[in-house]
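Q: for reference, the sequence and a predicted model appear below.
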Amino acid sequence: MNKNKYLRYLSAAVLLPLGAMTAAAQTYPTKPVRLIVPFAPGGGTDTLARMVAQRLSETLGQSVVVDNRPAVDGIVGSETVAKAAPDGYTLILVSSSHAINPALRKSLPYDTLKDFAPITQTAVQQLLLVTHQSVPATSVKELIALLKANASKYNYGSSSNATALPMELFKSMSGTQVQHIPYKGTGPMMNDLLGGQVQMGIVGAVGAIPQVKSGRLRALAIGDAKRSATLPDIPTVAEAGVPGYQASIWTGMFGPAKLPRAIIDKVNQDVVRIVQHADFKAKMNQMGSESVGSTPEAWGQFIETEIIKWAKIAKIAGLKPE
């Protein structure tokens, strides 16, 4: 084969898969889409995923099936997506633990930045410092005094690193000690918190607000820098006795790396339209969350800054990678 023929052959070989990907993107989707939630059913991330999936199914004309993979702080679900074919049929809705895990794990089975294609940030969710009703403290200052006097008596539950690290930050900034009991998702953790097997936690507003309003949990403070629109009488942690404290959690969507730009743009546009719809935003606000809907570029940059931020917080809390 002469040089010119070889170059034409090589060009055709390169352009063929690119052409095939473009065609696939133009017809996407032609079958059901799997949306992985790397946590157990019943938590804030799962609730949001099901809300988005229902409306996205209608928009795409194909079923969007939520697939819960609750293990190892979201790492198992994230690995599944990192290794999936970049065809748009396997997506993931992650929480803050996606950016926290690099600070708490010596090694991950994927590269948090390189192995995922950013699609959009979906929401920001407030955190609530809550206790079981049996805990004899009705304010943050009373809780701090109680924990200092009874260092080994109480424990807290977390659904992932996204809620464990904010509690560890609280412990560090308040000079208290309380034992950590990790769970695979908000649902199992909340069941034990309601039953008194764990006595407290910093919990996502989506799961906590209904229990606070029913009187089954006591809300002592809001983790965010601003108060909750749904629970306006509850002070922030900073207002209540730990100046400078601030923590919230977020959710967002990714696909595998090398996902065609046309598919990224289509899913981004559809999901942004869903989360920014007035009815959707109103429902999110009632649950203590704020809809976002960002560009893929802004979402990718946000993740980079979050990885740096949580690494600093882990250091302040005295946590080392395991």
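A: Looks like it came in fine.

Q: which pLDDT value belongs to Met21?
A: At Met21, the predicted lDDT confidence score is 51.

Q: next: Leu7.
A: 43.

Q: contacting residues for the residue nearest to Ala71 when sequence neighbours are not counted?
A: Computed as C-beta to C-beta, 6 or more residues apart in numbering, the closest residue to Ala71 that is not its neighbour in sequence is Lys184, at 6.4 Å. Bear in mind the C-beta positions are built from the backbone N, C-alpha and C, glycine included. Taking C-beta atoms under 8 Å, 6 or more residues apart in numbering, we find Lys184 in contact with 39-40, 70-71, 159.

Q: now those: which count as buried?
A: For the contacts of Lys184, burial is judged from neighbour counts taken by 16 or more other C-beta atoms under 10 Å, and it is met by 39-40, 70, 159.

Q: farthest-separated two in the residues you listed?
A: Pro70 and Ser159 (9.2 Å; C-beta to C-beta).

Q: what residues do those two have in common as contacts?
A: By the contact definition C-beta under 8 Å, 6+ apart, Pro70 and Ser159 are jointly contacted by 39-40, 184-185.

Q: tell me where the chain has strands.
A: With DSSP state E applied, the chain shows strands at 33-37, 64-68, 90-95, 116-132, 155-158, 179-182, 200-204, 217-222, 248-256, 289-291, listed in chain order.

Q: and those, which is most packed in?
A: Comparing these on average neighbours per residue, with mean count of other C-beta atoms under 10 Å, the densest one is strand 200-204 at a mean of 30.

Q: then that one to PDB, C-alphas only?
A: Once non-C-alpha atoms are left out, strand 200-204 reads as follows in PDB (Å, rounded to 0.1, in the frame of the first residue of the first chain):
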ATOM      1  CA  MET A 200     -27.700  12.400  66.600                       C
ATOM      2  CA  GLY A 201     -26.300  13.400  63.200                       C
ATOM      3  CA  ILE A 202     -25.900  16.100  60.700                       C
ATOM      4  CA  VAL A 203     -28.500  15.100  58.100                       C
ATOM      5  CA  GLY A 204     -29.700  16.300  54.700                       C
END
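
Q: could you list every helix and strand in contact with it?
A: In this structure, strand 200-204 packs against strand 116-132, strand 155-158, helix 161-174, helix 186-195, with contacts taken as 3 or more C-beta pairs under 8 Å, 6 or more residues apart in numbering; DSSP states H and E.

Q: which one of the ones you listed lies nearest to Ala278?
A: Ranking these by distance to Ala278, with C-beta to C-beta as the measure, places strand 116-132 first at 15.1 Å.

Q: for Thr176, what are its contacts?
A: Taking C-beta under 8 Å, 6+ apart, one finds 144, 147-148, 151, 170 in contact with Thr176.

Q: show me which of those residues has the smallest pLDDT value.
A: For pLDDT, the smallest value among the contacts of Thr176 belongs to Ala151: 78.

Q: could you double-check that His132 sits in contact with Val203?
A: No - taking C-beta atoms under 8 Å as the contact criterion, His132 and Val203 are not neighbours in contact, 11.7 Å apart.

Q: find residues that contact each of those two.
A: Overlap of the contact sets of His132 and Val203 (by C-beta under 8 Å, 6+ apart) consists of Leu193.
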